[in-house]
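Peer 1: just coords:
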């Protein structure tokens, strides 16, 4: 108890100078970090979590500044240090790891030069010794081929390797504190799993304290000892990981957990519960409790009377919450019941894909894809970057043409029919929802005119008054206010834009909708709302949904069937229950194990993949997954294409492993028996 | 709002262009033609100051440009001496001769420098704005084609652009104006030849960038025609950088036109024009005491170009702030 | 990387060929031929040229041959270094070109000598600390000098330095042999604009780099400020300005026309301008070809510099 804290934030407030005066980013933030401790800072975009890390480094840019409070590092006020002292702290005692490794490395210096600088400038080590230490550090972050890497430029190595370089750079000065700002957000899931594992090992091995900033509750649970949840620049709840994850004591934290799909969540029996409403704008903060307007326990004249302080929860050790009614709410009661849905009934085959192959020169982006989707069914196509899922979507939409194989929609062959030659009915029957909400709408036109254009173009309505009526009906359908028709995309939040994207896709009452990672750029609570919306509309319209995603927890929740792809080939396909339970394809197993789990009721088995995803232009011979597979049978897997094994009706795995060995696999998730 | 601004611009540009390009054909109508443009300039200035109010730099630029615009449309109605009439040569600024006050002096042929300077901005503005607009239409059109359609279209358009870009600009002007003859309309062609390839490259780059946007994919997947996509979906979104470039380019064109008249290649005498004024003074009166004849047009043209450049700078600054 | 340069070189060759064909066609047009005929036969202008005289002249010059045949012939002559004769001055075009190019090269050399260190330093200083007072002073000065057209600069400098203060001669004809003082005005005229332009470009590149995440990484590594600037920022920020310096050669060819004509400096620009006015077609043709060759080569150099300075392109 008497250990002096390493880092303390006392009543820290940060503001950014804007055109119309200061905008608060962080208000009255407190934090105590002990040596060797890992503290997670969780919140949705714009909650001020990154500003805290940058304030600790005293690097807020020209617009940002600390307006109140203190940041004490080993008892010294960071804000009062002179420049020389600050330089010793930066990269010496405190090191930072960033979200985008590619952008964080200097593109015109070799990796060696960038690593060697650290010991040279912090400890005055000579060039030779510094180079030796850099190489040794590369080994410790498990970088193979260190000599080559030292002479490479950042663009010559993969994203996962770049992040290992940034980590190595941070560790070279033996820091006491690591600031990690969403270090794995830009990476693929299996690569992320490797980096998270590395970070965990480091904190154990070096005894470094960590401030881990993330939007992902599961990641924080797997890496940290304590957690602080932030909302609108304020800490709303803070405490040991176990306490907070077992019993959240703030309505916002609870809302976050409820909108996070757990490995057992099922869209029919346990629909997700999103947090109603939207983040308030930083200029128009509500009075009293900032979360008040969105809170189901909101009490008029109490919660909005005056600012709510964060206070320890009685009888809980050091678990605190910024909620006035913390003692009144029945936290353990089941959340207000949400009506469960009836299971969907699937109709006839709507879309049939057979041996579809697409090559770009020597790169085979899609290699013999075969699967089918029924009416009203959600089929998820899962895979990491380079697996060919986006190429497949483009072939389907007629923006690319396949080399061989077939895609049939209601008996019509589409694989080599460009969109310009498709008839209006076909175009209408097949629509798409796009990934990036900030890109999906044309910034120059109003929401209403963009939806109206789709209605007219797809020939749904021509009469001006009827088109207008239908635009408003579509806005109702996606639960947006009707006056949004006159707004511009920039006036909408990401989630709202994505709702417009959904409205646009469903405007022509399509038979099949392709959704390309529609949720991946959204915050968790918004994700839940949009996915619920998508399911509801799909049910009503009996639409076939092809859901392309890399996020297995969302897939587990949304999909009826799952197709797992790796480097252009299908590794496994089956119903969601079949794919998420043994027997697994070894790649599926690794993908599942890479998903961070926020739910306390589950434990996860550790499965780590070696290496990185090979380049699609030079795929491995034999099984494409053989270079990373833990079960590889030398002489077989790296020579022969794997056979397609029918392990159950409707469940196929492309693997050389004998059926008994596949069947003997243990589940990745197991429920903890209380 | 957008339509209103377009109307104002038309109200200024059409009469002014008609006045400068086709004055003999207008006959008795000519003196009344510019009357509606005067309130239009004042209104435009008000709107411009409002929309650029966050950048002091841009407001200053707008003020400079609108001052010259106002001079261009009011020149016929101001109590000025006839700019082409020789009255008394070599009168120093502020001097009075034959009972006439020469505020900025008179030139070597006895014409009033103030009057010539104020009238002179008409030609520079009209031909400059027209030439830049034509270059923009041509450059942006080819840029959209190259950037959006890609493939052989891109290869061909880019190559043609590279060919034109390999000519030093002044050489291109000399060749075009010698080949086609020296007139305002041929200046438009010369400016188009030199500016359109640059605009084409910019638009092409912007279109290439925008082409991968999801909203373009969305338009493609609902079977929109390429022309619709280019015009409705692409063009409005590349507007921002283009406005900045257009302001800079108006400056370049103004430089080009003044330089060409200075070299005797562009607009022909006797009508006043800043380049011409510099040329005449530099050949006939290169002495310290007559330097006002050089300085007045030189400062005038610089202030107009500075205005365009400051608007560009201010706009860029504002776009970076968002 | 070598592939890239070779590909660019082939592209450039193709451009040169197209341009030469285009040029030949332009100078083969009646406008230029008539000008040439008047210049050679004497007379007071195109209006006085009779149709018969003109046809006879065409016949004599062999200009009635098929276009492509004459183009091939011309190309062969050019390849052998035979650029024709000047009608006005009655010397070989090659001789004339050599002299004027040498004079312009002297001018260009001093321009680059002043331009590169001054502009890059000022640009970096301004961009290093965006919004500082130094930045604002440099930026305002740069926007003003780039706003003054070179004829206006030439006028103002002449008025102040030559007519007012009498420090340097107003004209640079150098009839009494070469000296540096007459070069001062043309040099300053060219420098004022070019420095402003390059400062603006360098500043823009520098501010962009200073706002980048890798500079944040370098600062948060605890490196001293000079190391961040010299080692991390400059290498990336100077890529664009350095490539622009090569392209500036092309721009200089335009600018020297104005400056040399104004100051009566016997350089390439003035020769080109005079030839165009006089109708000295062979001089004009040769000068155009040289100018474009310089432009094309400078583009190639600029591309090569970009590739060399940019590891992302160099090691692709």
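Peer 2: All right, it came through fine. Note that the coordinates shown come from a computational prediction; the quantities given were computed from them, not determined experimentally.

Peer 1: dump the residue contacts of residue A:636.
Peer 2: A:622, A:656 (C-beta atoms under 8 Å, 6 or more residues apart in numbering or on different chains). All C-beta atoms are positioned from the backbone trio N, CA, C, and that covers glycine.

Peer 1: Mind telling me what element it is part of?
Peer 2: Assessed by DSSP states H and E, residue A:636 sits outside every helix and strand.

Peer 1: What values do phi and psi take at it?
Peer 2: phi -110, psi -60 (degrees, to the nearest 10).

Peer 1: any idea how far residue A:431 is from it?
Peer 2: Shown here: residue A:636 relative to residue A:431, a distance of 43 Å by C-beta to C-beta, to the nearest Å.

Peer 1: Kindly report the same for residue A:384.
Peer 2: Distance, residue A:384 to residue A:431, by C-beta to C-beta: 26 Å.

Peer 1: neighbour count winner among those two?
Peer 2: Taking neighbours as other C-beta atoms under 10 Å in any protein chain shown, residue A:384 and residue A:431 compare with residue A:431 leading, 25 against 20.

Peer 1: So for the more buried one, what pLDDT did the model give?
Peer 2: Per-residue confidence (pLDDT) for residue A:431: 91.

Peer 1: Pull the contacting residues for it.
Peer 2: Each residue near residue A:431 by C-beta under 8 Å, 6+ apart is listed here: A:504-508, A:510, A:512-514, B:221-222.

Peer 1: Looking at those, which one is closest to chain C?
Peer 2: residue B:221 (32.1 Å; C-beta to the nearest C-beta).

Peer 1: shouldn't the closest one be in contact with residue A:426?
Peer 2: No: applying C-beta atoms under 8 Å, one finds residue B:221 not in contact with residue A:426, separated by 11.2 Å.

Peer 1: dump the residue contacts of residue A:106.
Peer 2: Shown in contact with residue A:106 (C-beta under 8 Å, 6+ apart): A:114, A:154, C:214, C:217-218, C:232, C:235-236.

Peer 1: Which is the succeeding secondary structure element to whichever helix or strand residue C:242 is part of?
Peer 2: Secondary structure from DSSP H and E places residue C:242 in helix C:239-263. Counting by DSSP H and E, the next helix or strand C-terminal to helix C:239-263 is helix C:268-278.

Peer 1: what about the residue nearest to residue A:628 when sequence neighbours are not counted, is that helix, strand or coil?
Peer 2: Leaving aside its sequence neighbours, residue A:628 sits nearest to residue A:609 (C-beta to C-beta, 6 or more residues apart in numbering or on different chains; 4.6 Å). Under DSSP: H, G, I helix; E, B strand; the rest coil, residue A:609 falls in the coil class.

Peer 1: one step back: specify which member of the contacts of residue A:431 is nearest to residue C:96.
Peer 2: Checking the contacts of residue A:431 against residue C:96 by C-beta to C-beta gives residue B:221 as the nearest, at 62.9 Å.

Peer 1: Can you point out the helix or strand that includes the nearest residue to residue C:263 once chain neighbours are set aside?
Peer 2: Among residues not flanking residue C:263 along the chain, residue C:172 sits closest, at 4.1 Å (C-beta to C-beta, 6+ apart). Assigned by DSSP H and E, residue C:172 falls within no helix or strand.

Peer 1: Residue C:172: what's it in contact with?
Peer 2: Residue C:172 neighbours (C-beta under 8 Å, 6+ apart): C:182-183, C:185-186, C:263-265.

Peer 1: Closest one to residue A:651 out of those, please.
Peer 2: Using C-beta to C-beta, the contacts of residue C:172 come closest to residue A:651 at residue C:186, 82.9 Å.

Peer 1: was I right about that closest one contacting residue C:104?
Peer 2: No: counting by C-beta under 8 Å, residue C:186 does not reach residue C:104; the two are 10.2 Å apart.

Peer 1: overlap in contacts of those two?
Peer 2: Joint contacts of residue C:186 and residue C:104 (C-beta under 8 Å, 6+ apart) are residue C:260.

Peer 1: out of the two, which sits in the more crowded spot?
Peer 2: Neighbour count, other C-beta under 10 Å: between residue C:186 and residue C:104, residue C:186 has more, with 27 against 24.

Peer 1: show me the biggest helix of chain C in terms of residues.
Peer 2: helix C:93-128 (DSSP state H).

Peer 1: picking that back up, while we're on the residue nearest to residue A:628, how confident is the model there?
Peer 2: Residue A:609 is given a pLDDT of 81.

Peer 1: Quick one: residues contacting it.
Peer 2: A:190, A:193-194, A:590, A:628, A:630.

Peer 1: who's more crowded, residue B:221 and residue A:426?
Peer 2: residue B:221 (24 against 18).

Peer 1: rewinding a little: so of the contacts of residue A:431, which ones are in helices?
Peer 2: A:504-506, B:221.

Peer 1: anything in stretch B:42-59 near chain C?
Peer 2: No: Stretch B:42-59 stays clear of chain C (C-beta under 8 Å from any C-beta of the partner chain), getting no nearer than 8.5 Å.

Peer 1: Report the distance from that stretch to the chain centre.
Peer 2: Offset of stretch B:42-59 from its chain centre (C-alpha atoms, centre = their mean, to the nearest Å): 19 Å.

Peer 1: Could I get the buried residue list for that stretch?
Peer 2: B:43-45, B:48, B:52, B:55, B:57-59 (16 or more other C-beta atoms under 10 Å in any protein chain shown).

Peer 1: Kindly report the same for stretch C:116-133.
Peer 2: Quick answer for stretch C:116-133 (16+ other C-beta under 10 Å): C:116, C:119-120, C:122-128, C:130.

Peer 1: Show me the contact partners of that stretch.
Peer 2: The contact list for stretch C:116-133, computed with C-beta under 8 Å, 6+ apart, reads A:62, C:134-135, C:138-139, C:142, C:191, C:194-195, C:198-207, C:209-211, C:229, C:233-234, C:237-238, C:241, C:245.

Peer 1: try stretch B:269-281
Peer 2: B:83-84, B:107-109, B:111, B:113, B:115-117, B:119-121, B:123-124, B:257-264, B:266-267, B:290, B:293-294, B:296-298, B:300-301, C:151-152, C:155.

Peer 1: Quick one: mean pLDDT over that stretch.
Peer 2: 83.

Peer 1: what's the answer for stretch A:613-629, then?
Peer 2: Rounded mean pLDDT across stretch A:613-629 is 85.

Peer 1: what's that stretch in contact with?
Peer 2: The contact list for stretch A:613-629 (C-beta under 8 Å, 6+ apart) reads A:158, A:188, A:190-191, A:361-365, A:384-386, A:388, A:566-569, A:571, A:586-587, A:590, A:609-611, A:632, A:636-642, A:654-656.

Peer 1: Alright, that wraps it up for me.
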